[in-house]
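Colleague: 3D, please:
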Amino acid sequence: MTTKRPRIAVLVTEEVHATLMELSHLTGKSAAGMVSRMLTDALPGLRSLVASARAFKDKDVQQGVVALQDALGEVHRGAVRADDAVKELSKGSAKASKKLRPSSMPGGRLYADD
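Modeller: Numbering: from 1, shown residues only. Purely as a prediction, here's the structure:
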């Protein structure tokens, strides 16, 4: 299957590989597809990091700090959403199924259900 989308090669640790392979096996989704979706969902934070790096390179320390704070905020918001969902699932809460609907996740999808 050919695609027009660009490709990159990524080396991962054994632990990351094992985790992705297990999730792939459990969900029936490809590891590459899940990683691609995760990176797409992380794009706002990555863009903030790019803005921060540009600002620091241009010696605009104040703007660099603001962009870095934006990036950290994006990471934090994603972590909070994931942590909340895991806590609700561990309680067997009906609320968890609503929280994990694809429309409630970044980019409108849930990795395991795409």
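Colleague: alpha carbons only for contacts and neighbour counts from here, please
Modeller: OK.
Colleague: next one: phi and psi at Leu11?
Modeller: Per-residue torsions, Leu11: phi -90, psi 130 (degrees, to the nearest 10).
Colleague: need the phi and psi values for the most centrally placed residue in the chain.
Modeller: Taking CA atoms, centre = their mean, the centroid of the chain lies closest to Met38, which sits 3.7 Å from it. Phi and psi for Met38, reported as degrees, to the nearest 10, are phi -60, psi -40.
Colleague: just checking, what packs against the longest helix seen in the chain?
Modeller: Counting residues, the longest helix found in the chain (DSSP state H) is helix 61-90. Under the contact definition 3 or more CA pairs under 8 Å, 6 or more residues apart in numbering; DSSP states H and E, helix 61-90 sits against helix 43-57, helix 94-99.
Colleague: pipe those into CSV and attach mean neighbour count per row.
Modeller: Converted to CSV, the helices and strands packed on helix 61-90 look like this (neighbours: other CA atoms under 10 Å):
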stretch, mean neighbour count
helix 43-57, 18
helix 94-99, 14
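Colleague: mean pLDDT lowest for which of these?
Modeller: Among those, helix 94-99 carries the lowest mean pLDDT, a mean of 51.
Colleague: would you turn the helices and strands packed on helix 61-90 into a markdown table with distance to Met34?
Modeller: Output for those, formatted as a markdown table (distance: least, CA to CA, whole Å):
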| stretch | distance to Met34 |
| --- | --- |
| helix 43-57 | 14 |
| helix 94-99 | 19 |
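Colleague: and the pLDDT for Gly107?
Modeller: pLDDT at Gly107 comes out at 49.
Colleague: one more: Leu11?
Modeller: 94.
Colleague: report the inter-axis angle for the longest helix of the chain versus helix 43-57.
Modeller: Here helix 61-90 runs at an angle of 160 degrees relative to helix 43-57 (axes from the mean of the first three to the mean of the last three CA atoms, to 10 degrees).
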